[in-house]
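next comes the sequence, and after it the predicted model I'd like to discuss.
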Amino acid sequence: DGSWYQKVASAIVCGVDGAPANAPAFEGPERPFLSLQRRRPAAAARSSASSRARDLRDGPRRQAPAKAEFGDSLPERALSVAGPEVKAAYQSLLKVIIRPPRATYDAAQLGPARFEFGGSSYARRDDSCVNGRGQAVRYSAWRRVRAAARKGDGEKRPTRTLVYLHGNASSRVEALGSLSLALTLGFDVLAPDCAGSGVSDGAHVSLGWHERDDVVALLARERSLGRDLGAVALWGRSMGAATAVLYAATRDPDVSALVLDSAFSSLRQLSFDVAKRGAAAVPGPIVGAALRWVRGSVLGLADFDLYDVAPLDHAPEVASPALVLCAADDVFVEPAHSHAIHAALGCVDKELCVCPGAHNTARPIGAYVSIEGFLRRALGDGEAKTAFADVVDRRLAILLSPARRPDRPNFAALPPWTVENLTIRARQRERPIDDFAEADDVSEASADDDA
């Protein structure tokens, strides 16, 4: 009756990064299917295997866009016979992989263009670059406003850049959760809306396959403006973590550090896992057949093979220091994916951090302490006496009632302008206590003088 297909689609839809738990069911794309030719030229059939091997070796395929004919593809015809529910579920499966809910936001959500944080001034600049497919990739850059050097100033801070890569169905707004820590560590921060996400061009996402070339275009754009990027580190979550692995393995082996939060080992395995969870009673071969149908449509519409998006296969090629992070209760990208990637990484300096929470929950203080320690070691900064997350936690916990303090948030994951404002409030709250103590000291001193 097609009900298992709907279960599969619903399970994947509910698991998309950033999608609310009560997100409405997907309606299929208007023209989702590649019209498959029943007869294939013999020469093309013979050359397909060698062409695929050459494409994987030389990089992304370049092919003429295929015409999608709605209602006339072989998978669609087959599923239509089974019923409209099956057809709709197939459309949902296809759409959730290459066209998940697009994150929309107002520019004001990126915060102020200029702000104070930790005794320094910072500015945000919004810009765009063009990737290799001719799509505009829009991004934000946060940098410390460097005043003119004065005699007696300390040694100039080394230039370093952190590129934050968002998850699926998300945007550069997600980078605000890493911004306070990154700026504290002296990073300039770049955060793109990868093609197909946020306000960037592109009709589809590719879960890391094309997004790695968005990073190439972003860094090339900044260098063309005369920016000294210094040591470049990548911090990615889910799709962004997969992008970071593929970029470090196939585009730039000299990345200084990688923070990989909830990376999946392969898109094929992730799709299979989620599909089986949504339709546990359905035999694996049937689920595999459905995914193969989706694979063909993805290849035609988005120009990538979902079986090629396999960070685990590229992990041995990564030479950069890496911290692999995962949530113990993640039921979308299960911790086993992160454990497998950590074991396969080719770098000598690699760490694994398992923290409480689920796929989309904010990372706790302990995770940020681990991230800071890792980045300091990878960049040769040495250990801090007290981690930034612990300092901010002790400073701002006074703003909460004693009853709320055990469940307090990770203040280090708040945007820097928010941390700054809360710090001012915390100091104001402490001031009356300090004044009262000083008054007592003065009174005691006066009493001693009178005696």
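Received it, and whenever you're ready, just let me know what you need.

now do the contacts for the closest residue in space to Gly230 that isn't next to it in sequence.
If you skip the residues right next to it in sequence, Gly230 has Thr159 as its closest partner in space, 3.3 Å away by C-beta to C-beta, 6 or more residues apart in numbering. From N, CA and C alone the C-beta is placed, and that goes for glycine too. Shown in contact with Thr159 (C-beta atoms under 8 Å, 6 or more residues apart in numbering): 188, 228-231.

from these, which would you call buried?
Neighbour-count burial (16 or more other C-beta atoms under 10 Å) is assigned, among the contacts of Thr159, to 188, 230-231.

filter the residues you listed down to just the ones in strands.
Where those overlap with strands, as defined by DSSP state E, the overlap consists of 188, 231.

quick check, nearest of the buried ones among the contacts of Thr159 to Val391?
The shortest distance between Val391 and any of the buried ones among the contacts of Thr159, using C-beta to C-beta, involves Asp188 and amounts to 21.9 Å.

if I look at that closest one, how far off is Asp330?
Counting by C-beta to C-beta, to the nearest Å, the gap between Asp188 and Asp330 amounts to 30 Å.

repeat for Asp213
When distance is defined by C-beta to C-beta, Asp213 is 28 Å away from Asp330.

try Ser128
When Ser128 is compared with Asp330 (using C-beta to C-beta), they lie 33 Å apart.

got it, and Pro285?
The separation that Pro285 has from Asp330, given C-beta to C-beta, amounts to 27 Å.

who has more neighbours, those two?
Under the neighbour definition other C-beta atoms under 10 Å, Pro285 and Asp330 were set side by side, and Asp330 has more, 22 against 8.

per-residue pLDDT, the more buried one?
For Asp330, the pLDDT comes out at 96.

that one touches His359, doesn't it?
Yes: because the distance of 4.5 Å satisfies C-beta atoms under 8 Å, Asp330 is recorded as touching His359.

now the helices for the protein?
If you assign secondary structure with DSSP state H, the helices in the chain sit at 3-15, 42-58, 74-82, 84-98, 176-184, 211-224, 239-250, 267-278, 284-302, 311-314, 335-344, 365-378, 388-396, 416-450.

just how off-centre is the fifth one within its chain?
For helix 176-184, the separation from the chain centroid amounts to 14 Å (computed by C-alpha atoms, centre = their mean, to the nearest Å).

can you check the shortest one too?
What separates the centre of helix 311-314 from the centre of its chain is 17 Å, taken as C-alpha atoms, centre = their mean.

remind me what that helix packs against, helices and strands.
If contacts are counted by 3 or more C-beta pairs under 8 Å, 6 or more residues apart in numbering; DSSP states H and E, helix 311-314 sits against helix 239-250, helix 335-344.

longest strand in the chain, by residue count?
With DSSP E applied, the strand covering the greatest number of residues in the chain is identified as strand 120-130.

list the contacts of that strand.
Strand 120-130 is touched from outside by 107, 110-116, 136-145, 183, 200, 217-218, 220-221, 416, with contacts defined as C-beta under 8 Å, 6+ apart.

which residues touch the nearest residue to Arg295 once chain neighbours are set aside?
Nearest in space to Arg295, with sequence neighbours left out and distances taken as C-beta to C-beta, 6+ apart, is Leu306 at 5.4 Å. For Leu306, the contacting residues are 97, 207, 267-268, 271, 291, 294-295, 298-299, by C-beta under 8 Å, 6+ apart.

let's have the residues you listed in CSV, adding pLDDT and neighbour count.
What follows is those, written out as CSV (pLDDT from 0 to 100; neighbours: other C-beta atoms under 10 Å):
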residue, pLDDT, neighbour count
Ile97, 85, 27
Leu207, 96, 28
Leu267, 93, 26
Arg268, 91, 19
Ser271, 83, 26
Leu291, 81, 20
Val294, 85, 23
Arg295, 88, 18
Val298, 90, 26
Leu299, 92, 18
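
quick check, nearest of the residues you listed to Leu375?
The shortest approach to Leu375 among the contacts of Leu306 belongs to Leu207, at 25.4 Å (C-beta to C-beta).

I'd say the closest one and Ser271 touch.
No: with contact taken as C-beta under 8 Å, Leu207 and Ser271 are classed as non-touching, separated by 9.7 Å.

got any residues that touch both of the two?
With C-beta under 8 Å, 6+ apart as the test, Leu207 and Ser271 both reach 97, 306.

now stretch 373-384: average pLDDT?
Stretch 373-384 comes out with an average pLDDT of 94.

run through who's touching it.
Stretch 373-384 is contacted by residues 160, 185, 231, 233, 256-257, 259, 321, 323, 349, 351, 372, 387 when judged by C-beta under 8 Å, 6+ apart.

let me see the mean pLDDT of stretch 223-242.
Here the mean pLDDT over stretch 223-242 is 97, rounded to a whole number.

just the C-alpha atoms of that stretch, please, in CSV.
Listed in CSV are the C-alpha atoms of stretch 223-242, where the atom choice follows Å, rounded to 0.1, in the frame of the first residue of the first chain:
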residue,chain,number,x,y,z
ARG,A,223,43.0,36.4,-1.1
SER,A,224,42.2,38.3,-4.2
LEU,A,225,41.2,41.2,-1.9
GLY,A,226,44.7,41.1,-0.4
ARG,A,227,43.7,39.4,2.8
ASP,A,228,46.4,37.6,4.7
LEU,A,229,44.5,34.5,5.8
GLY,A,230,47.4,32.9,7.7
ALA,A,231,46.7,29.5,9.1
VAL,A,232,43.3,28.2,7.9
ALA,A,233,41.2,25.9,10.1
LEU,A,234,37.7,24.5,9.3
TRP,A,235,34.9,23.9,11.7
GLY,A,236,32.0,22.0,10.2
ARG,A,237,28.8,20.4,11.5
SER,A,238,27.1,17.5,9.8
MET,A,239,27.1,18.4,6.1
GLY,A,240,29.7,21.0,6.9
ALA,A,241,31.9,18.4,8.6
ALA,A,242,31.6,16.1,5.6
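
any idea how far it is from the chain center?
The chain centroid and the centroid of stretch 223-242 are separated by 12 Å, computed with C-alpha atoms, centre = their mean.

same question, stretch 309-318
Averaged C-alpha coordinates place stretch 309-318 at 17 Å from its chain's average position (C-alpha atoms, centre = their mean).
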